[in-house]
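A.B. asks: next come a sequence and a model predicted from it.
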Amino acid sequence: GIPYEGIMGGGFMTELLGSLLPILIFFGIWIFLAKKMSKGMGGGILGAGKADKLINSEKPETKFSDVQGVEEAKDEVKEIVDFLKFPERYMELGAKIPKGLLLVGPPGTGKTLLAKAVAGEASVPFFSVSGSGFIEMFVGVGASRVRDLFAQAKKEAPSIIFIDEIDAIGKSRASGGQMGGNDEREQTLNQLLAEMDGFGTDTPVIVLAATNRPETLDAALLRAGRFDRQVLVDKPDYDGRLAILKVHSKDVKLGKNVDLKVVAKQTAGLAGADLANIINEAALLAGRQNKKQIEQEDLLESIERSFVGLEKKNRKISDVEKKIVAYHESGHALMAELTKGATRVTKVSIIPRGLGALGYTLHLPDDEDRFLKQKHELMAEVDVLLGGRAAEEVFIKEISTGAGNDLDRATAILKDMISVYGMTDVAGLMVLSRSQNSFLGGGAVSTDYSEKMAEDMDNFIRSTLNERYTYVKQTLTDYAQAIENMTAVLLDVEVIEGKKVRSIIEEFEKENGMESRLAHGDKIAKAEAWAKEQEETQNNNA
């Protein structure tokens, strides 16, 4: 046979050690992690538990004068400043100051800046942290961070705690989606509630929080004694926008021809952050052209970028497509000028901009801020949206994919008229759809109606679109030569101002002995008079 030799193992102890070694290593790691967790804020796993790096502690120098466009919100928080400055005055009276104040509003309206201004005016420490900074994969870390945050604030009292995007930890527990009582977010929320209950109304620590999703917050967070006061920080009106523009233009060089009043009029609907970006973008544009100061044209171009995106001068489109786009945009522009309730045209361009627009008709808001839309204005918007597709069919005899977004928006307007605004006979005054988000666009929408109602809605939308489309095509046919003239100018110079659009229509009407159908005569006269007044003021100042 084949000879072999056997070597005996190391005996019982070697086998025992070989079996126990993996278990000992596992328990060693487990004990190490447990010790780290038990220290809470004293180190944490991979630094997860330590809150010091996540909490910004400062004494802001921001004042209320730095916060513009939110005057009502400033008035609401001024008593907080008084309490932090003179807490003994309120304690002697036995007054109970709100422990928490929730700043709600759309993104970019200055909620964080307002919170800093409160601390700056009161000259107290300001502890700021993002709501998402509390949450980690390790259970208990968030709650530990909350305890540490409140402990620091109490030590430095009087002070302010500011939690930005509080909806990251304060979402309603009744909405589902949680993982039971051990869920990290829920434990963090419970600790926050406990801490807010833990100090009395005589403790000069105010908790400010900001969110643009107040409808998602837990009811326990909003009850009396916690965040029982909500302050709306909304988008600014004309006066607010003008004040914001003045604040952000203090540190830039403006030319003599710059008129911030014109900029404020043309930026309705924009938040403070958008306005700051417009000033900065204008400065970058001026610098790119080696200018010594910002001109009015830089600001107007910056506004245009904000609304419709960057110019894509390198995007080459064929002559055939350029012709389609020119007719399409001329159709929009004509309907906007002839339709009562529509927004008048500011500029028409066939230069590609933004992510996918090959051309655009810019409708900057009128000189007054609007908060409501009447039924005829919504229908006017539908007519203007259909003008592009109708122009393609009437003048090119073939339709393209360019009207996809227009048709989507027109359909959405009619659907909202039925299901949200009660403006039709389809559902009467019934509300069939509810938006789930107050300040953010694109939020979930809950619907509650039968299949029969859905069918009735579809039929109404289809028939209304067909009816308005027929009307729009007839209007474009009646003004065919005006469309041809407008298209020819666009193909030649690529960009025309609203004033030129109106002059083309006026000339056509006079040549054909037609009664003018221009819908914005009063607004135009008012705007031109205002512009003349501003020009005279500038000349006098110069």
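C.D. replies: Structure's in. What do you need?
A.B. asks: can you give me the domain boundaries for the protein?
C.D. replies: 71-173+187-232, 238-308, 319-437+444-530 (the TED database).
A.B. asks: could you tell me the end-to-end distance of the first one?
C.D. replies: So the one you mean is domain 71-173+187-232. End-to-end span of domain 71-173+187-232 (Cα to Cα, to the nearest Å): 11 Å.
A.B. asks: equivalent analysis for stretch 388-396, please.
C.D. replies: First residue to last in stretch 388-396 (Cα to Cα) measures 11 Å.
A.B. asks: hey, where'd the strands end up in the stretch 151-300 of the chain?
C.D. replies: 159-164, 205-211, 229-232 (DSSP state E, counting those that start in this stretch).
A.B. asks: could you pull out the buried residues of the shortest one?
C.D. replies: Within strand 229-232, the residues that qualify as buried are 229-232, counting by 16 or more other Cβ atoms under 10 Å. All C-beta atoms are positioned from the backbone trio N, CA, C, and that covers glycine.
A.B. asks: make a markdown table out of the domains of the chain and add mean pLDDT and distance to L21.
C.D. replies: Below are the domains of the chain laid out as a markdown table (pLDDT from 0 to 100; distance: least, Cβ to Cβ, whole Å):
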| stretch | mean pLDDT | distance to L21 |
| --- | --- | --- |
| domain 71-173+187-232 | 84 | 27 |
| domain 238-308 | 92 | 59 |
| domain 319-437+444-530 | 90 | 54 |
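A.B. asks: mind putting those domains into JSON lines with distance to E61?
C.D. replies: Formatted as JSON lines, those follow (distance: least, Cβ to Cβ, whole Å):
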{"stretch": "domain 71-173+187-232", "distance to E61": "6"}
{"stretch": "domain 238-308", "distance to E61": "15"}
{"stretch": "domain 319-437+444-530", "distance to E61": "32"}
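A.B. asks: L24: which of the ones you listed is closest?
C.D. replies: domain 71-173+187-232 (23.6 Å; Cβ to Cβ).
A.B. asks: how far does the closest one sit from its chain's centre?
C.D. replies: A distance of 23 Å separates the centroid of the chain from that of domain 71-173+187-232, by Cα atoms, centre = their mean, to the nearest Å.
A.B. asks: likewise for stretch 245-257?
C.D. replies: Mean-position distance between stretch 245-257 and its chain equals 25 Å (Cα atoms, centre = their mean).
A.B. asks: now do the end-to-end distance for that stretch.
C.D. replies: 15 Å.
A.B. asks: how about it: buried residues?
C.D. replies: 245, 247-249, 254.
A.B. asks: likewise stretch 268-275?
C.D. replies: The neighbour-count check on stretch 268-275 (16+ other Cβ under 10 Å) flags 268, 270-275 as buried.
A.B. asks: spatially, which two of those residues are the most separated?
C.D. replies: Largest separation among those by Cβ to Cβ: A268 and A273, giving 15.5 Å.
A.B. asks: which SS class is V129?
C.D. replies: strand (DSSP: H, G, I helix; E, B strand; the rest coil).
A.B. asks: just give the closest residue to A342, not the sequence neighbours.
C.D. replies: A380 (4.2 Å; Cβ to Cβ, 6 or more residues apart in numbering).
A.B. asks: do the same with N512
C.D. replies: Nearest one to N512, counting by Cβ to Cβ, 6+ apart, is Q481 at 8.0 Å.
A.B. asks: now do the strands in the stretch 351-500 of the chain.
C.D. replies: 360-362, 433-435, 445-447, 495-497.
A.B. asks: adding mean neighbour count and distance to A122, write those strands out as TSV.
C.D. replies: What follows is the strands of the stretch 351-500 of the chain, written out as TSV (neighbours: other Cβ atoms under 10 Å; distance: least, Cβ to Cβ, whole Å):
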stretch	mean neighbour count	distance to A122
strand 360-362	22	44
strand 433-435	14	37
strand 445-447	11	42
strand 495-497	17	50
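A.B. asks: so where do the helices sit in the stretch 251-400 of the chain?
C.D. replies: 260-265, 272-288, 296-308, 319-338, 375-391 (DSSP state H, counting those that start in this stretch).
A.B. asks: between these, which one is closest to G69.
C.D. replies: Closest approach to G69 among the helices of the stretch 251-400 of the chain (Cβ to Cβ): helix 272-288, 5.6 Å.
A.B. asks: would you mind pulling up the elements that that closest one packs against?
C.D. replies: When contacts are defined as 3 or more Cβ pairs under 8 Å, 6 or more residues apart in numbering; DSSP states H and E, helix 272-288 sits against helix 238-248, helix 296-308.
A.B. asks: which one among the buried residues of stretch 245-257 gets closest to V124?
C.D. replies: Distances from the buried residues of stretch 245-257 to V124 were compared by Cβ to Cβ; the smallest belongs to V247, at 23.5 Å.
A.B. asks: quick one on the thing from earlier: could the buried residues of stretch 245-257 go into JSON lines alongside distance to G142?
C.D. replies: Formatted as JSON lines, the buried residues of stretch 245-257 follow (distance: Cβ to Cβ, whole Å):
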{"residue": "L245", "distance to G142": "40"}
{"residue": "V247", "distance to G142": "37"}
{"residue": "H248", "distance to G142": "36"}
{"residue": "S249", "distance to G142": "42"}
{"residue": "L254", "distance to G142": "47"}
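A.B. asks: pull the most distant pair out of these.
C.D. replies: Greatest spacing in the buried residues of stretch 245-257, by Cβ to Cβ: V247 and L254 (13.1 Å).
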